[in-house]
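> Could you work out the structure for the sequence below:
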Amino acid sequence: MAFAIPTITYSGKIKEVTLGQGASSVTVGGESCYPFYTFEGAMPHAPRIAFEVWDFAPEDWPDWAVAPYRDVISDPAAWAKKSVSSYGAEMIALLLKSADPNGMNRDVEEVVATVKAVSDAVSVPLIVWGCANDEKDALLLRRVAEVCEGKNVALGPVTEKNYKQIGAMAIGYNHTVIASTPIDVNLAKQLNILLGNLGMAENRILIDPTTGGLGYGLEYSYSVMERDRMAALTQEDVKLQAPIVCNLANEVWKTKEAKTKKEDNPKLGDETKRAVLMESVAAMALAVAGADILIMRHPEAVSHAREMFRALA
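Numbering: from 1, shown residues only. All right, here's what the predicted structure looks like:
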């Protein structure tokens, strides 16, 4: 008698969400099984990667992070175009760091002009990630929704404090929102309920569970994402059946292990290889936990992650 591997029958399914328009659009979600468990169900779309672009030239990046973009890093639109043309980016995540009131505190209209330039420079789907200040993002992302009308961009992070303002504009201009909560399953569910009550369609919501860096809290993110997927697929919790996006690049690259030169700590080995491996391993861990979209920085790390996804397909 042949041995039969025991399998699980899943009663739930992750909803599909499409970003962008036309031939360059990207669809994520649709899983009817745990990540990469294709012997038990369907995983129609592998995790997708969005290349990180900042709205100004970062001053605190190590040289090995700057190197792939050195010629364009002062021009966000050119940076985004190079990510697509040279490194095959299928999505761009534009981080509006300069809007932070505790940092450069750039004016809303100045930042929005940068978003418009990037949006016009590339045809691939765009994720617009605010400065994570609830009040500033409420103003900023509402204007982004206006200037990006017809582009179906993903706007985030949307929180319980600003979901009404941003959500209403996303609905009005047919965009997707990234519902962001601090590493908690119940809070993620509650925010999705609030967005649904506002009128946001379920196929226009992505979940941001908040991501920790490798060795700096990733295990907490991993655990919560597992529980999200368990509730969505085995407990039929429809409010958690949304694709997950992980903004991991900044969390990995701000660690001392990613920024320390070999000459300062020879035991850590080559700094470029070390940082790239940290980012690619973090990406793979989060993909296995359930991430559908990963925001990443270094092209080599992206290549490693894509290779791993193909091996598991």
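
> for Leu294, helix, strand, or coil?
strand (DSSP: H, G, I helix; E, B strand; the rest coil).

> so it makes contact with Leu248?
Yes: Leu294 lies in contact with Leu248 (C-beta atoms under 8 Å); the separation is 6.1 Å. From N, CA and C alone the C-beta is placed, and that goes for glycine too.

> Please enumerate the strands of this structure.
In the chain, the segments counted as strands under DSSP state E are 17-19, 26-28, 48-54, 92-95, 126-129, 154-158, 176-180, 205-208, 244-247, 291-296.

> Check the offset of the longest one from the chain's centre.
Relative to its chain's centre, strand 48-54 lies at 8 Å (C-alpha atoms, centre = their mean, to the nearest Å).

> re the thing from before, residues that sit against both of Leu294 and Leu248, list them.
Here Leu294 and Leu248 share the contacting residues 283, 286, scored by C-beta atoms under 8 Å, 6 or more residues apart in numbering.

> rewinding a little: pick the most deeply packed of the strands of the chain.
Highest mean neighbour count of the strands of the chain: strand 244-247, a mean of 29 (counted as mean count of other C-beta atoms under 10 Å).

> now the strands of the chain as CSV including mean pLDDT?
Shown next, in CSV, are those (pLDDT from 0 to 100):
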stretch, mean pLDDT
strand 17-19, 98
strand 26-28, 98
strand 48-54, 98
strand 92-95, 98
strand 126-129, 98
strand 154-158, 98
strand 176-180, 98
strand 205-208, 98
strand 244-247, 98
strand 291-296, 98
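
> I'd like to know how far Thr114 sits from Leu286.
Distance, Thr114 to Leu286, using C-beta to C-beta, to the nearest Å: 28 Å.

> quick one, which of the two is more surrounded?
Between Thr114 and Leu286, Leu286 has the larger neighbour count (other C-beta atoms under 10 Å), namely 26 against 21.

> how about the more buried one, what does it touch?
Per C-beta under 8 Å, 6+ apart, neighbours of Leu286: 211, 218, 221-222, 225, 246, 248, 294.

> the inter-axis angle of the biggest helix by length in the chain versus strand 291-296?
In the chain, taking DSSP state H as the definition, the longest helix is helix 271-289. Between helix 271-289 and strand 291-296, the angle comes out at 160 degrees (axes from the mean of the first three to the mean of the last three C-alpha atoms, to 10 degrees).

> for helix 271-289, what is the average pLDDT?
Per-region confidence: helix 271-289 scores 97 on mean pLDDT.

> Please apply the same query to stretch 106-122.
pLDDT averaged over stretch 106-122 gives 98.

> Would you mark the buried spots in it?
106, 108, 111-112, 114-119, 121-122 (16 or more other C-beta atoms under 10 Å).

> So what's the gap between it and the chain middle?
Distance, centroid of stretch 106-122 to centroid of chain: 19 Å (C-alpha atoms, centre = their mean).

> Stretch 228-248 now?
15 Å.

> One more: stretch 188-198?
The answer for stretch 188-198 is 19 Å, by C-alpha atoms, centre = their mean.

> Pro76 and Lys97, how far apart?
11 Å.

> the more surrounded of those two?
Higher neighbour count among Pro76 and Lys97: Pro76, with 24 against 19, using other C-beta under 10 Å.

> Test my guess that that one contacts Trp54.
Yes: between Pro76 and Trp54 there is a contact at 6.8 Å, judged by C-beta under 8 Å.

> Are there residues contacting both of these two? Which ones?
Leu94.

> What count of nearby residues applies to the nearest residue to Val72 once chain neighbours are set aside?
Of all residues not flanking Val72 in the chain, Ala78 sits nearest, at 4.0 Å (C-beta to C-beta, 6 or more residues apart in numbering). Burial of Ala78 is recorded as 17 neighbouring residues (other C-beta under 10 Å).
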